[in-house]
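Engineer: Give me a 3D structure for the following:
(2 chains, ligands or ions: 1)
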Amino acid sequence: MSPKASKAPPAPADPPRAVQLEMYYFMRLTRTLDERAHALHRQGKIVGGLFSSLGQEAISVGSAFALDRGDYLGPLIRNLGAVLVRGHTPREVMTQYFARATSPTRGKDNSQHFGDVRRTGVVAYISMLGTMVPVMAGMALAARIRGERRVALTYVGDGATSTGDFYEGLNFAAVQRLPLVVIIENNGYAYSTPVSRQTLLKDLAEKARAFGIPGYVGDGNDVLEVYRMTRRCVEDARAGGGAQLLELKTFRMRGHAPHDAAEYVPRELFEEWARKDPIERFERALGLSPEERRAVEERVQKEVDDAVEFAENSPWPEGPEALRGVFEDDSLVRFTPWWER
Amino acid sequence: MPERTYLQAISQALREEMESDPSVILLGEDIGVYGGAFKVTEGFLDRFGPNRVIDTTLSEEGFVGAAIGAAYAGLRPVVEFQFIDFIACAFDLIVNFAATSRYRWGQGVPVTFRGPWGAGSRAGPFHSRSVEMWFAHSPGIKVVAPATPSDAHGLLKACIRDNDPCLFLEHKYLYRRVKEEVPDGAPPIPIGKARIAREGKDLTIVSYGMMLHRCLEAAARLEDVSAEVIDLRTIYPLDRDAVVESVRKTNKVMIVHEDTRTGGLAGEIAALLNEEAFEHLDGPIVRVTAPDTPVPFSPPLEDFFLPGVETIVRAARRLAAY
Ligand SMILES: Cc1ncc(C[n+]2csc(CCOP(=O)(O)OP(=O)(O)O)c2C)c(N)n1
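Structural biologist: Predicted coordinates for the structure are as follows:
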């Protein structure tokens, strides 16, 4: 176990072609949902903000495929693909974006801030970056205490590797030898801030040294490499190897959110990374036939159409729903002001 | 005289303070090249250079601590939180380190912490919070929450010149929605002084921030009730005299805020009036506030959560008729 950032050869084998086709389907689904959501946002139909994983689909999909059924996953704003792989539906995503009563949070929270620990192992994240690292360490701790062979996996952006929570959470996981895998999704920018203004390290995975854990660097736009490297980390963590840090290099192909035209990003970078598009690369690697491609396309379109229609036709939540769910016992939140009685 | 939005007034105050005092520096995420998430510091990097306009790492605890240190060493840092909700990530350094510093060892901390607060923008539970009482309850830090462009301008200047830590809350719903003439170089406005936003004689409405505007609208709709509206402008130190004096005149009072009810400022003001003006009260002290829930996201939920003009009118009518 070398604590140095290295391009260690990923041992696990590629999944069979049928599984790879599923991975391809999830990448397409993620992108199609993303593109449709952006179109709907321009039409003013989506409430609040919207975050895109355009160009980063390989990380979410490849890493989620590397987990086993009972494993835990803590996503972030650019991990729509991982959430879909874990079993959350396009309908769940769209109703969240539309802020409807049918959404997983019944309109209480936005974006992809939802999850289901029991069904999918996904933990709903909050906006405060870095927080998922210690929380997912806690899930890994619980698994060990209960004698379960579960692994917890979570992501941080290059920006969020500067937070205290990232350090505290990972260090805790390291000394406790917890089965936690943290993927640094290095997409070049944190909002407008380039990685070079976030760290002096060449590779963020070098931070593994600070914790005394293994750190690896991989190509985040190659879904099979993402799969293999994550699988290796997951297997090592599950076998008692403790916390693992994996940096995957990719690029954010849009601004931070729709309001941001990303003028601070040199255009050449977009062009350069467009050539490395993870979906096109995977199509080539798979040697996808036109029929296979069309079949996936149709499947994806149908599901996204259905999700949008379902969300648009879903009712809004009723105002007083705002008072429910703060505690298990709703009667604890009382709100009938004097003048209404 | 130039008309300025609330946001432009804040920007102007920062610019003027930086021009007149070289010890004023800015720290925050994306405030330099990008000009800030809301563009408050647009153009500042070009004008003042990277030594005074510092794009920080994504580390609230880190750059807040650095600001405190820089203040000890003689500078006057102004820290921007991208959304004020993220101030929670730096809570320890602010309430334990900065706010107690003068009391503990006589060393003041002239840092201004500023950022967009408040609900109404469909921004969900983590970009909508009211954080004023976390800090009002932590002795040693001043808490300011202007409702108008000229107050934002004058009070921000006062915060920057103040030798104690100040939390300057900018209501993001007002950034581009209110406009007013704000003269270049207008002087600071004293911290801790409330303002009568509307004169009246039948009842007093006390508020601040975005709710102040809803209260004014409600007051205008109360044809047969003459409501006095007090804009607190500062949460701590509270202008107790202004509130007590108004209630002595009108004998009835309601406090309106978008912060949640339990432990909110309205409870504090009610206790104050109980002590200082009990014999002048002709009706119950009314609290119009958000319920004790996180700020919900979906429009119908957020609209239910936030006190609306209708609600304020209804409460005022009941109180007036009491
Ligand atoms: C603790 C904290 N501070 C500030 C923010 C505001 N903010 C939201 S996203 C973002 C940049 C995130 O960059 P990175 O972690 O690299 O993730 P990316 O968006 O690039 O995927 C910032 C500063 C936040 N969400 N949390």
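Engineer: Just after the longest helix along chain A, pick out the following helix or strand.
Structural biologist: Secondary structure of chain A read by DSSP state H shows that its longest helix is helix A:17-42. Downstream of helix A:17-42, the next assigned helix or strand under DSSP states H and E is helix A:57-65.
Engineer: That next one and the ligand in contact?
Structural biologist: No: Helix A:57-65 does not reach the ligand (CB under 6 Å from any ligand atom); its nearest approach is 10.2 Å. C-beta here means a position set from N, CA and C on the backbone, and glycine is covered the same way.
Engineer: between that helix and helix A:17-42, how big is the angle?
Structural biologist: If you take axes from the mean of the first three to the mean of the last three CA atoms, to 10 degrees, helix A:57-65 sits at 130 degrees to helix A:17-42.
Engineer: re earlier: the longest helix of chain A - contacts with which helices or strands?
Structural biologist: On a contact count with 3 or more CB pairs under 8 Å, 6 or more residues apart in numbering or on different chains; DSSP states H and E, helix A:17-42 meets helix A:57-65, helix A:80-85, helix A:90-97, helix A:223-236, helix A:278-286, helix A:290-312.
Engineer: So which bits of the longest one are buried?
Structural biologist: To tie it back to what came earlier, the one meant is helix A:290-312. Residues of helix A:290-312 classed as buried by neighbour count (16 or more other CB atoms under 10 Å in any protein chain shown): A:296, A:300, A:303-304, A:307-308, A:310-311.
Engineer: Name the nearest residue to the residue of the stretch 151-300 of chain B found nearest the ligand, sequence neighbours excluded.
Structural biologist: Residue nearest to the ligand within the stretch 151-300 of chain B: residue B:172 (13.7 Å; CB to the nearest ligand atom). With sequence-adjacent residues excluded and distances taken as CB to CB, 6 or more residues apart in numbering or on different chains, residue B:172 is closest to residue B:116, at 3.6 Å.
Engineer: Likewise for residue B:70?
Structural biologist: Closest residue to residue B:70 apart from its sequence neighbours, by CB to CB, 6+ apart: residue B:77 at 5.0 Å.
Engineer: so how far is chain A from the one you found?
Structural biologist: 19 Å (CB to the nearest CB, to the nearest Å).
Engineer: What helix or strand is that residue located in?
Structural biologist: strand B:76-80.
Engineer: what comes into contact with the helix or strand that that strand is followed by?
Structural biologist: Counting by DSSP H and E, the next helix or strand C-terminal to strand B:76-80 is helix B:91. The list of residues contacting helix B:91 from outside it, by CB atoms under 8 Å, 6 or more residues apart in numbering or on different chains, reads residue B:134.
Engineer: hmm, helix B:91 in reach of the ligand?
Structural biologist: No: Helix B:91 is not in contact with the ligand by CB under 6 Å from any ligand atom; minimum separation 11.8 Å.
Engineer: CA atoms only for the next helix or strand after that helix, dumped as PDB, please.
Structural biologist: Of the helices and strands lying after helix B:91 in sequence (DSSP H and E), the nearest is helix B:99-105. Written as PDB, here are the backbone C-alpha positions of helix B:99-105 (Å, rounded to 0.1, in the frame of the first residue of the first chain):
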ATOM      1  CA  ALA B  99     -16.500  37.600  19.200                       C
ATOM      2  CA  THR B 100     -14.800  37.000  22.600                       C
ATOM      3  CA  SER B 101     -11.400  38.500  21.700                       C
ATOM      4  CA  ARG B 102     -11.800  42.000  23.100                       C
ATOM      5  CA  TYR B 103     -13.400  40.700  26.300                       C
ATOM      6  CA  ARG B 104     -10.800  38.000  26.800                       C
ATOM      7  CA  TRP B 105      -7.600  40.000  26.200                       C
END
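Engineer: what's in contact with stretch A:224-237?
Structural biologist: Contacts of stretch A:224-237 (CB under 8 Å, 6+ apart): A:1, A:8, A:10-15, A:20, A:23, A:58-59, A:61-63, A:65-68, A:71, A:140, A:151, A:153, A:178-181, A:183, A:214, A:216, A:218-220, A:243-244, A:246, A:248, A:282, A:285.
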